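Trainee: structure for the following, please:
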Amino acid sequence: MDTSLSAFDLARLQFAFTVSFHIVFPALSIGLASFIAVLEGCWLKTGKSYYKDLCLFWSKIFAVAFGMGVVSGVVMSYEFGTNWAGFSSFAGPITGPLLMYEVMTAFFLEAGFLGIMLFGWNRVSPRAHFGATLMVAIGTLISTFWILASNSWMQTPQGFEVVNGHVVPTDWFKVIFNPSFPYRLAHMAIAAFLVAALVVAATGAWHLLKRRRDPAVKTMFSMALGLLLVLAPVQAFVGDQHGLNTREYQPAKIAAIEGLWDTEQGGTALNLFGIPDMQAETTRYAVSVPHLGSLILTHSWDGEIRGLKSFPPDQRPNSTLIFWTFRVMVGLGLLMIVLGVAGWVQRRRGRLYESRGFQRFALAMGPTGFITLLAGWITTEAGRQPWVVYGVMRTSQAVSPLTTQQVSVSLMAFVVVYFLVFGTGIYYMLKLIRKGPALPGHSEDGARPAALPGSPATQTAQTARRPLSAADQLIDA
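Mentor: Take a look at the predicted model:
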């Protein structure tokens, strides 16, 4: 059997690789931007210095994440033209304007106020600086709006007609507010906040385990766990509603997620465990709970869910893959709820900052936001296959006329460059996290007096530089 990959397979692999690297940085920056805005608001209201210390600390990490998100996003834009010219030609009249709206409304807003947020602490009034921080946070959310509108239209397209081999928008309101858009937007925005909350909680846990008990460390640990307690259950509810929407508009995806091959009458079981076999059209070693699938996916005891065999073989998503990515997403999501509830219990007992076992749990949960995010995106994108625009254009029609050699060489180059560039960026962020916010009354290097970013002592070096300049820690220190 020929196991070699075609240019089409390699192009899909390359895009999956680049988008997987990209998505983690915007998700972190979206959550951190709002967190920093809340911290600065608390500082303005209370005057407590540790809120400002936390602003300065997390602004550095935000700057690195924001910079890497922009760079990796630009690469993806070019990739639409190089590897997916068929898609760009066919769907460009819709996806092009949506991405343009993102640049015009979100990116310009972020770029316009980012410099003030990072370097303007003593150059503008505190309220003006807070306004700039709010604008950056709002900009990240507006960016999420337009990106999710574009992706959701590809999942549940409407408001268009096909003319001479190209889609032509007939109703922009329907294009943007397509059937899956509200669920995807809410799901992604909450996911970004959970990613940031888990990173912040893990950072607080790390420093608590290192015997730091200053107000800054306690505050960020407490705030992150409070956000998890609220948002993790909300995300479960939003995910449930998203599943109901997906069952209506993408039933083959639901069947593949559940490893369900036959349409069961009188109630559908839920496969907790199994290994879907696409060739044999069965889920091996299935461990099922009767009627549970109907209860979850239709909210009724005997609801019917279409099996994969009711769809043509060439229109079935890869159940072997998304069966497990979905369960990774759900399993880690349940652990996030456990973390939030456990934090509430420890808070009630007065042991939130003393329970080392709980702090180790919070530290271990730090990367799970990124893992859950990637698992969710793999589920939704691989589950859409074989369509790039669901029910309208197949992915095989979207690829550029490239040779296997061309795509394989560029893929290898991407792998090497991405691991070097973004691996270095991630390593640098981890160094910043390990160092933590400044100790009370100390500068970033532990000496007195403090010379904080944006202060007169450092403004000259920081003005008119790139966002990454806000992170002033030497990478080899």
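
Trainee: strands along the stretch 201-350 of the chain, start to end?
Mentor: 270-277, 282-289 (DSSP state E, counting those that start in this stretch).

Trainee: which one, of these, ends up nearest to residue 34?
Mentor: strand 270-277 (35.3 Å; C-beta to C-beta). Where you see a C-beta, it was placed from the backbone N, CA and C, and this is true even at glycine.

Trainee: pull the closest one out as PDB, backbone CA atoms only.
Mentor: Below are the C-alpha coordinates for strand 270-277, written out as PDB (Å, rounded to 0.1, in the frame of the first residue of the first chain):
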ATOM      1  CA  LEU A 270     -22.800   7.400  24.000                       C
ATOM      2  CA  ASN A 271     -19.400   5.800  23.300                       C
ATOM      3  CA  LEU A 272     -17.200   6.800  26.200                       C
ATOM      4  CA  PHE A 273     -14.200   4.900  24.800                       C
ATOM      5  CA  GLY A 274     -13.400   3.200  21.500                       C
ATOM      6  CA  ILE A 275     -11.200   3.200  18.400                       C
ATOM      7  CA  PRO A 276     -13.200   4.100  15.300                       C
ATOM      8  CA  ASP A 277     -12.100   2.100  12.200                       C
END
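
Trainee: returning to that earlier point: deepest in the core, which of the strands of the stretch 201-350 of the chain is it.
Mentor: Of all the strands of the stretch 201-350 of the chain, strand 270-277 has the most neighbours on average by mean count of other C-beta atoms under 10 Å, namely a mean of 18.

Trainee: give me the sheet partners of that strand and which way each runs.
Mentor: strand 282-289 (antiparallel) (DSSP bridges).

Trainee: report the distance from the strand it pairs with to the chain centre.
Mentor: 31 Å (C-alpha atoms, centre = their mean, to the nearest Å).

Trainee: do stretch 77-87 as well
Mentor: Worked out by C-alpha atoms, centre = their mean, stretch 77-87 lies 22 Å from the chain centre.

Trainee: could you do stretch 56-66 as well?
Mentor: 17 Å.

Trainee: same question, stretch 324-339
Mentor: Distance, centroid of stretch 324-339 to centroid of chain: 15 Å (C-alpha atoms, centre = their mean).

Trainee: next, the buried residues of it.
Mentor: Buried positions in stretch 324-339, judged by neighbour count with 16 or more other C-beta atoms under 10 Å: 324-330, 332-333, 335-337, 339.

Trainee: try stretch 215-230
Mentor: 216-229.

Trainee: so, low pLDDT: which residues of this structure?
Mentor: Applying pLDDT under 70 to the chain flags residues 1-3, 441-477.

Trainee: now, which of the buried residues of stretch 324-339 lie within helices?
Mentor: Those of these mapping onto helices are 324-330, 332-333, 335-337, 339, per DSSP state H.

Trainee: quick one: buried residues of the helix or strand hosting residue 9?
Mentor: Following DSSP states H and E, the helix or strand that holds residue 9 is helix 7-46. For helix 7-46, burial by neighbour count (16+ other C-beta under 10 Å) applies to 7-8, 10-12, 14-15, 18-40, 42-43.

Trainee: export the strands of the stretch 201-350 of the chain to TSV and append columns for distance to residue 174.
Mentor: Shown next, in TSV, are the strands of the stretch 201-350 of the chain (distance: least, C-beta to C-beta, whole Å):
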stretch	distance to residue 174
strand 270-277	34
strand 282-289	37
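
Trainee: so which of those strands comes closest to residue 368?
Mentor: Nearest to residue 368 among the strands of the stretch 201-350 of the chain is strand 270-277; the distance by C-beta to C-beta comes to 20.2 Å.

Trainee: contacting residues around the closest one?
Mentor: Strand 270-277 is contacted from outside by 256, 258-260, 282-289, 292-293, 296, 319-320, 323, using C-beta atoms under 8 Å, 6 or more residues apart in numbering.

Trainee: give the buried residues for stretch 240-255.
Mentor: 242-243, 245-247, 249-255.

Trainee: check contacts around the residue nearest to residue 17 when sequence neighbours are not counted.
Mentor: Distance criterion C-beta to C-beta, 6 or more residues apart in numbering; nearest residue to residue 17, sequence neighbours excluded, is residue 414 at 6.3 Å. Contacts for residue 414 were tallied using C-beta under 8 Å, 6+ apart; they are 14, 17-18.

Trainee: separation between residue 414 and residue 346?
Mentor: 44 Å (C-beta to C-beta, to the nearest Å).
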